[in-house]
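Enquirer: structure for this input, please:
(chains A and B)
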Amino acid sequence: MNDCSQCSVRERAICQSLSEEALGDLNRIGRRQMLKRGQTMTWQGDESVIVGNVIDGVFKLSASTMDGREQTLGIMFPSDFIGRPFGPKSNHSIVALTDAKVCTFMRAAFDDFARDHPDLEHKLLQRTLTELDRTRQWMLLLGRRSANERVAAFLLEMVARLAEPDTEGPIHLELPLGRQDIADLLGLTIETVSRQITQLREDGVIDTPNRRTVVILDRAALEACADEA
Amino acid sequence: MWPYYPDLLATPVPRYTSYPTAAEFGGGVDGGDMASALERVSGDVSLYVHIPFCEQICWYCGCNTTKSNRLDRLTSYLDALHREIALVGARLPSGARVRHMAFGGGSPNAISPTDFVRLMLSLTQAFALDRPTISIEIDPRSMSAGWAQALSGVGVQRASLGVQTFDPRLQQAIGREQPDHLIADCTALLREAGVTSLNFDLMYGLPGQTLTTLEETLDRAGELGADRIALFGYAHVPQMMPRQKRIDASALPNQATRFAMARRGHERLVDGGYVPVGFDHFALPGDPLAQAVLSGKLHRNFQGFTDDAAPVLIGLGASAISCFPHLIAQNEKNTGRYRMMLSQDRLTAVHGVRRSAEDRLRGAIIEGLLCQGKAPVAVALLNDLRERLQPFADRGLIGFADGVLSIQPFGLPYARAIAACFDPYRTVSQRKFSSAV
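Expert: Presented below is the predicted three-dimensional model:
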């Protein structure tokens, strides 16, 4: 496994407060996986439940329903901690939406380690609460009826996750996802997503200087679009 | 002032947290029945999540719980519970909305606060939560800053503390020692965490308890600002609950004293500004439970008296009970077998009872009598039950007018016994139940 000191999310990840020595111990129980875009994360062993640190890239968490539909449960970005218990028996999957890197632990081993490191244990609680907040937001987003509302809510979610907090003026976002990925996440067609983005641009709410860049020009208007129900 | 008629309290009666009661549960209900009941649900749904662990086991307790001293057992239980949440959630039609969630036990705070938040994550993913009211049972002895943070972050508005008594000698006698300051600190932490409705579970009929120590406990609960108080009579049934054998039976108050305690407790709490809720709960007038009483919308379910009106309650966890209009189903009680069934992706309902049209009719009368103190009853049914109701009518405890049977306010201690007249399963008395007072 690579040296944690070289880790690109070292200053922001759940393990940030650990001493060099403790980090070494944690390193020994972790496993780093590199994933290609579109690849599903694999499990270590048949029954193991894992948690993990996103180091690089974007992941999609999803669950399959009884009737075979797939529901997105959220997206994870670098330095996010995937703290909900995921496992082969959970009907859940974690798919890389971009080339990605993740550092995973057996949940039981990670919890044991956290119990011996109170600071990490506290961070684990905080991170899990953050994950709950985001999941609630995400479920609200998917619960919105119209395509217009969902796309607007998604862009606001990206602002919350990717932009510097309290930015004044226009907010520049480099979306890590293409239109097709966004459409899949939101349960919409790519045509619908494109149409909504065009509409928002024509209304002067956003600008799209290129395929991946979105500039939020009028955040209040975007918020109004997301809450039109 | 409640009149005392020992003969009317001689026969033990159920608490009627469901009808038919748990005594009528049998085999013949399984995961298949549970699955088809889930698939037919529509409208509001309430969830109950059972955590059958406690850091310490109290001698008096009748709950399905064990000591949480083995981490691996706790972990594998939670894994199974997560699995059950996903399986049950996947069965529910998308129209089913969750408005109430309750965590009970045992002591939910015997697990780590992070594990509690993880359960919330799974529940959020698996069910359509519609800004639910969330309540939780808390053991003050295992309360912590981490738990306060979790409750606040999750948005738990209601908590219930197992207090039982503030008297140190009585606490010793029932194997639950928790000094006053511990309960006061726990209360403060819960308030800071955003709990707006706080219940204290209290008990009368404890070994060595007197009217004075009971009053002191009730007054202290009021001082600490309890929004709700549940005042239960201690049920000493060591033949069914072996852990109660450690309690000195010779020090238990007799039935006349128990009655006097229930009566004094009721008076003291009403004098202190609490609204009586059913036969053993009390709530401050601003609390949603008191509001439910005042607006005639009180209900009864497995957690006791409630303002929750959902027609469907889904129980998750070992021994948890689900209640549908046509079916009551209880999960496997043994945590080992519960885990084993879930490892095979099976729903764990193993017993229960199907509710016939007649059961639902009788259940509605019983719930009405216990929650509203009255219920519409057909004259033909009343005539059939004349003999059983006569002793209560002779004492003026009940009245019948315009098709409605009512219990007089001073008849409250007999409410369970009156309700039991409408329970045909109780024609032969069974020593299985606790005394009504």
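Enquirer: CA atoms for contacts and neighbours, from now on please.
Expert: Fine.
Enquirer: count the residues that sit near residue 93.
Expert: In the absence of a named chain, this looks at chain A. 21 (other Cα atoms under 10 Å in any protein chain shown).
Enquirer: my question was about chain B, not that one.
Expert: For residue B:93, using other Cα under 10 Å, the count is 16.
Enquirer: which residue ranges of the stretch 51-200 of chain B form strands?
Expert: For the stretch 51-200 of chain B, the strands defined by DSSP state E, counting those that start in this stretch cover B:53-54, B:66-67, B:97-105, B:129-138, B:158-164, B:197-204.
Enquirer: helix or strand for the closest residue to chain B within chain A, which one?
Expert: Of all residues in chain A, residue A:125 sits closest to chain B, at 4.9 Å by Cα to the nearest Cα. Element membership for residue A:125, per DSSP states H and E: helix A:118-143.
Enquirer: show me what whichever helix or strand comes after that helix is packed up against.
Expert: Moving toward the C-terminus from helix A:118-143, the next helix or strand (DSSP H and E) is helix A:147-162. Judged by 3 or more Cα pairs under 8 Å, 6 or more residues apart in numbering or on different chains; DSSP states H and E, the packing partners of helix A:147-162 are helix A:118-143, strand A:171-174, helix A:190-202, helix A:219-226.
Enquirer: return the most buried member of these.
Expert: helix A:118-143 (a mean of 19; mean count of other Cα atoms under 10 Å in any protein chain shown).
Enquirer: please name every helix or strand in contact with it.
Expert: strand A:70-76, strand A:81-86, helix A:107-116, helix A:147-162, helix B:113-126, helix B:145-154.
Enquirer: got the angle between the shortest one and helix B:113-126?
Expert: Computed with axes from the mean of the first three to the mean of the last three Cα atoms, to 10 degrees, the direction of strand A:81-86 lies at 70 degrees from that of helix B:113-126.
Enquirer: equivalent analysis for the last one, please.
Expert: For helix B:145-154 against helix B:113-126, the angle by the same axes, to 10 degrees is 20 degrees.
Enquirer: is any residue of helix B:145-154 near chain A?
Expert: Yes. Helix B:145-154 comes into contact with chain A (Cα under 8 Å from any Cα of the partner chain), by way of B:146, B:150, B:153, B:154.
Enquirer: drop anything exposed from those.
Expert: B:146, B:150, B:153, B:154 (16 or more other Cα atoms under 10 Å in any protein chain shown).
Enquirer: now the two most distant members of the residues you listed.
Expert: B:146 and B:154 (12.2 Å; Cα to Cα).
Enquirer: residue contacts, residue 124?
Expert: Since you didn't name a chain, this refers to chain A. Contact partners of residue A:124, counting by Cα atoms under 8 Å, 6 or more residues apart in numbering or on different chains, are A:14, A:83, A:114, B:114.
Enquirer: meant chain B, my bad for not saying
Expert: Counted by Cα under 8 Å, 6+ apart, residue B:124 has contacts A:135, A:136, A:139.
Enquirer: let's see 7 Å
Expert: Contacts for residue B:124 (Cα atoms under 7 Å, 6 or more residues apart in numbering or on different chains) come out as residue A:136.
Enquirer: so which residues on chain B come close to chain A?
Expert: By Cα under 7 Å from any Cα of the partner chain, the part of chain B that sits against chain A consists of B:83, B:90, B:91, B:113, B:114, B:117, B:118, B:121, B:124, B:125, B:153.
Enquirer: the fifth one and residue A:108, how far apart?
Expert: Taking Cα to Cα, to the nearest Å as the measure, residue B:114 and residue A:108 are separated by 13 Å.
Enquirer: then the third one?
Expert: The gap separating residue B:91 from residue A:108 is 29 Å, by Cα to Cα.
Enquirer: out of the helices and strands packed on helix A:118-143, nearest to residue B:380?
Expert: Among the helices and strands packed on helix A:118-143, if distance is taken as Cα to Cα, the winner is helix B:113-126, at 46.6 Å.
Enquirer: for that closest one, output the C-alpha coordinates as PDB.
Expert: The C-alpha trace of helix B:113-126 is given here as PDB (Å, rounded to 0.1, in the frame of the first residue of the first chain):
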ATOM      1  CA  PRO B 113     -23.800   6.500  18.500                       C
ATOM      2  CA  THR B 114     -22.100   5.900  15.100                       C
ATOM      3  CA  ASP B 115     -23.900   2.600  14.800                       C
ATOM      4  CA  PHE B 116     -27.200   4.400  15.500                       C
ATOM      5  CA  VAL B 117     -26.500   7.000  12.800                       C
ATOM      6  CA  ARG B 118     -25.700   4.100  10.400                       C
ATOM      7  CA  LEU B 119     -29.100   2.600  11.200                       C
ATOM      8  CA  MET B 120     -30.700   5.900  10.300                       C
ATOM      9  CA  LEU B 121     -28.700   5.900   7.000                       C
ATOM     10  CA  SER B 122     -30.100   2.500   6.100                       C
ATOM     11  CA  LEU B 123     -33.600   3.500   7.100                       C
ATOM     12  CA  THR B 124     -33.400   6.700   5.100                       C
ATOM     13  CA  GLN B 125     -32.300   4.700   2.100                       C
ATOM     14  CA  ALA B 126     -34.900   2.000   2.500                       C
END
